[in-house]
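Visitor: Here is my input, please return the structure:
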Amino acid sequence: MKQFKKLFGALAVILLVSACSTTETPEVQRFNTPRFTDKAPIELKVNKIETVSEFTPQFKAPYVEHMFPIPIEATAKTWAKDRLSAVDYSSDKTATFIIKDASVTEEIEKSGKLFYKDRIVYTARLNVVLKIADAADENTAQTEIQAWRELIIPADATIEEKEKYWNGMANKLFDEFDLKMEESIRKYLNMYVNNNGYIQSYEN
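Guide: From the prediction side, this is the model:
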């Protein structure tokens, strides 16, 4: 009987330890703002580069950009910091990176069919202007890029699932923006780009 009690007591301790091990706090998914330092900076023949945001978040439906783990506006500022470089300190010109739009909207799409789930449609928009001007704001040149991305997910997705979708959406948006913006700068602001290797191609 004593041996049984000792065995039962040991078993109870094992079960208690096992039960406690399942109550650990789950690891929170963290998303880092994308960096663009894997590419060489675009060297501009200007004295300095300024970043200005003219975008104002709405914080109300249908706008949801404030919920994104990777904010579109903040990532655009990071892009300018990583990809643009001022290399002519004797110049009287300044490059201004202007964020016009960095919004994300959310729209519920009703299925209207039995056994079909409702869906949520997200649309991210990024509108940026890169302007180069002298101290008197004359002799200006600029280029503008408008990039957008659409995402459709089930309406019953959890917040954790949504954040993963949003993260992927933001990364793909900036993959596209990075390519388009660099091409546009080298094409339309070519006289202000140091060692510009862009070659204009013409279609027949």
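
Visitor: C-alpha only now, for contacts and for neighbours.
Guide: Noted.

Visitor: Can you classify the most centrally placed residue in the chain as helix, strand or coil?
Guide: Residue closest to the mean C-alpha point of the chain, counted by Cα atoms, centre = their mean, is Ala170 at 3.9 Å. Under the three-state scheme (DSSP: H, G, I helix; E, B strand; the rest coil), Ala170 adopts helix.

Visitor: so Gln146 touches Ala124, yeah?
Guide: No - using Cα atoms under 8 Å, Gln146 is not in contact with Ala124; the gap is 10.6 Å.

Visitor: Ala76: what's it in contact with?
Guide: Going by Cα atoms under 8 Å, 6 or more residues apart in numbering, Ala76 touches Ile99.

Visitor: list the buried ones in the helix or strand where it lies?
Guide: Ala76 belongs to helix 72-83 when assigned by DSSP states H and E. For helix 72-83, burial by neighbour count (16 or more other Cα atoms under 10 Å) applies to 72-73, 75-83.

Visitor: next one: stretch 140-159
Guide: Using 16+ other Cα under 10 Å as the test for burial, stretch 140-159 gives 142-144, 147-149, 153-155.

Visitor: Can you list the neighbours in contact with that stretch?
Guide: 108, 117-134, 165, 169, 172-173, 176-177, 180-181, 184-185, 188-189.

Visitor: would Lys100 count as being in a strand?
Guide: Yes - looking at Lys100 with three-state DSSP, it is inside a strand.

Visitor: State the number of residues packed around it.
Guide: When counting by other Cα atoms under 10 Å, one arrives at 19 neighbours for Lys100.

Visitor: same thing with the one 5 residues further on?
Guide: Close neighbours of Thr105, defined as other Cα under 10 Å, add up to 16.

Visitor: now swap in the one 4 residues further on and tell me
Guide: Burial of Glu109, expressed as a neighbour count using other Cα under 10 Å, amounts to 15.

Visitor: And for Asp38?
Guide: Residues contacting Asp38 under the criterion other Cα under 10 Å number 8.

Visitor: pLDDT below threshold where in the chain?
Guide: Applying pLDDT under 70 to the chain picks out residues 1-29, 197-204.

Visitor: wait, what's in contact with the residue nearest to Lys93 when sequence neighbours are not counted?
Guide: Leaving aside its sequence neighbours, Lys93 sits nearest to Asp134 (Cα to Cα, 6 or more residues apart in numbering; 4.1 Å). Contacts here follow Cα under 8 Å, 6+ apart; on that basis Asp134 touches 92-94, 140.

Visitor: what about Asp134, distance to Thr94?
Guide: 6 Å (Cα to Cα, to the nearest Å).

Visitor: Please convert the buried residues of helix 72-83 to a markdown table, extending it with distance to Thr37.
Guide: Shown next, in a markdown table, are these (distance: Cα to Cα, whole Å):
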| residue | distance to Thr37 |
| --- | --- |
| Ile72 | 18 |
| Glu73 | 18 |
| Thr75 | 13 |
| Ala76 | 14 |
| Lys77 | 13 |
| Thr78 | 10 |
| Trp79 | 9 |
| Ala80 | 11 |
| Lys81 | 9 |
| Asp82 | 6 |
| Arg83 | 7 |
